[in-house]
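A.B. asks: got a predicted structure here, sequence first:
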Amino acid sequence: YIKDLEAEQQEIKQEINKLKGDKSDQKAVKTALQKNIDNLQSQINACNKQISNLDNQITQLESDIVTKTSELEKAKYTFRQRLRAIYMSGGTSTSTLSLLLSAEDLDDLLTKSQLTKSISAYDNALMQKIVNDMKTIEQNKADINKLIEEQKTTKATLADKKSELNTQVIEVNSTLAGIEDDIGDLQDKVAALEKA
């Protein structure tokens, strides 16, 4: 009977040694898994940083839109005032004719003609500014939409990485806990056999 118990004890000790060897292997596995966990954490940090950068870019573009919209409204108001002034003076052709007729001499005519060109150039520049501001606002809105889409993709990647990280941590903990439990059970058996 004792010999049988001793033989069984020997088998259990061998199993414990095997499990301890497995435990060593598992520690190597744990180290590798830990490296993977660290890598995933770095990826998560990178995703968070990218999301923060995208937030900053979106905020900047939204601020630019507010500024450009304000400039656009001012330019439109000025342009409307200019159109009203031109209309009140009877239009550009009448205004030009009036300038020609009211000129006292050739120098006066050239000066008034240059003034007309300057006003016309100002009106053209004002119209171009309005068009450019509108284009800038539309481009900024399109850029914001692209950044929001990129942000959605990054957030989805972040969620995947966090899930993967949790799975890895659970796997490491359960593997080591299982080996510890097996060793504990076998040591209890050895103690019982030694007592017996």
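C.D. replies: Received it, and whenever you're ready, just let me know what you need.

A.B. asks: please name every helix or strand in contact with the helix or strand where residue 155 lies.
C.D. replies: Secondary structure assignment for residue 155, by DSSP states H and E: helix 106-195. Counting contacts by 3 or more Cβ pairs under 8 Å, 6 or more residues apart in numbering; DSSP states H and E, helix 106-195 packs against helix 2-88, helix 91-102. Just so you know, the C-beta spots here come from the backbone N, C-alpha and C atoms, and that holds for glycine as well.

A.B. asks: ok, now with 6 Å
C.D. replies: Identification of packing neighbours for helix 106-195 by 3 or more Cβ pairs under 6 Å, 6 or more residues apart in numbering; DSSP states H and E yields helix 2-88.

A.B. asks: what mean pLDDT does the helix it packs on have?
C.D. replies: On average, the pLDDT along helix 2-88 is 77.

A.B. asks: same thing with stretch 147-162?
C.D. replies: Here stretch 147-162 scores 86 as its mean pLDDT.

A.B. asks: okay, buried residues for it please.
C.D. replies: 147, 151, 154, 157-158, 161 (16 or more other Cβ atoms under 10 Å).

A.B. asks: counting neighbours, what do you get for residue 138?
C.D. replies: Per other Cβ atoms under 10 Å, the neighbour tally for residue 138 reads 11.

A.B. asks: got it, and the one 4 residues further on?
C.D. replies: Neighbour count for residue 142, taken as other Cβ under 10 Å: 11.

A.B. asks: with residue 47 instead?
C.D. replies: Per other Cβ under 10 Å, the neighbour tally for residue 47 reads 20.

A.B. asks: over to the one 3 residues further on?
C.D. replies: Here the neighbour count serves as a burial measure; for residue 50 (other Cβ under 10 Å) it reads 17.

A.B. asks: against residue 148, how distant is it?
C.D. replies: Separation of residue 50 from residue 148 (Cβ to Cβ, to the nearest Å) stands at 13 Å.

A.B. asks: residue 38 now?
C.D. replies: Distance of residue 38 to residue 148, given as Cβ to Cβ: 31 Å.

A.B. asks: then residue 74?
C.D. replies: Going from residue 74 to residue 148 by Cβ to Cβ gives 29 Å.
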